[in-house]
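Peer 1: Provided below for reference: sequence and predicted model.
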Amino acid sequence: MAENGLKAQISAMMHKAARSIEAARALLKGGNADFSSSRSYYAVFYAIQALLLTRGLVYSKHAGVISGFSEHFIRPGDFPREYAKYISRLFRERHAGDYDFAHAITQEDAAEDLRIAIEMVASIEEYLSERHLLGN
């Protein structure tokens, strides 16, 4: 993929991450904690996919995206180790919110998921921006 095409793709992915955060915020405000947690997870998921794309890495499964992020960005020290715990939490919450009818995500848990998503997406955006990897 040509450099401008790559930057455009990364920017589109980051825009989708930002839209997911806004959706998570609106869902949380509306009392839909489970759906809010799911959107928080997807915000980070899209941002991580954009990050991996900068190294030509594309994974077909969520677990691959998460492990690729740990291997290529957390282990080398580009992002804090706690981000591995954060993405694991978000993945669990998303799974519970989307598929578990017996376990409810609380408003407090969803609010924490949103906080984590905002922090991680902002951190990834800063990383990409500092390296001039975002398009216009």
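Peer 2: Yes, it's here.
Peer 1: Longest helix in the protein, please.
Peer 2: Of all segments of type helix in the chain, defined using DSSP state H, the longest is helix 3-29.
Peer 1: How far off centre is it?
Peer 2: Distance of helix 3-29 from the chain centroid (C-alpha atoms, centre = their mean, to the nearest Å) equals 9 Å.
Peer 1: please begin residue numbering at 343 from this point
Peer 2: With the count now opening at 343, the last piece we talked about shows up as helix 345-371.
Peer 1: Spatially central, which residue of the protein would that be?
Peer 2: In the chain, the centroid-proximal residue (C-alpha atoms, centre = their mean) is residue 386; its distance is 0.5 Å.
Peer 1: Any regions of this protein where pLDDT drops low?
Peer 2: Scanning the chain for pLDDT under 70 picks out the ranges 343-344, 478.
Peer 1: And stretch 413-423, end to end?
Peer 2: 11 Å (C-alpha to C-alpha, to the nearest Å).
Peer 1: What residues of that stretch count as buried?
Peer 2: 415-416, 421 (16 or more other C-beta atoms under 10 Å). Yep, even glycine has a C-beta here, placed from its N, CA and C like the rest.
Peer 1: how about residue 430, what does it touch?
Peer 2: By C-beta atoms under 8 Å, 6 or more residues apart in numbering, the contact set of residue 430 is residue 408.
Peer 1: and the spatially most distant residue from the centre of the chain, helix, strand or coil?
Peer 2: Farthest-out residue of the chain from its mean C-alpha position, per C-alpha atoms, centre = their mean: residue 444, at 25.4 Å. Here residue 444 is recorded as coil under DSSP: H, G, I helix; E, B strand; the rest coil.
Peer 1: mind checking the backbone torsions on it?
Peer 2: Note on residue 444: backbone dihedrals following degrees, to the nearest 10 are phi -90, psi -30.
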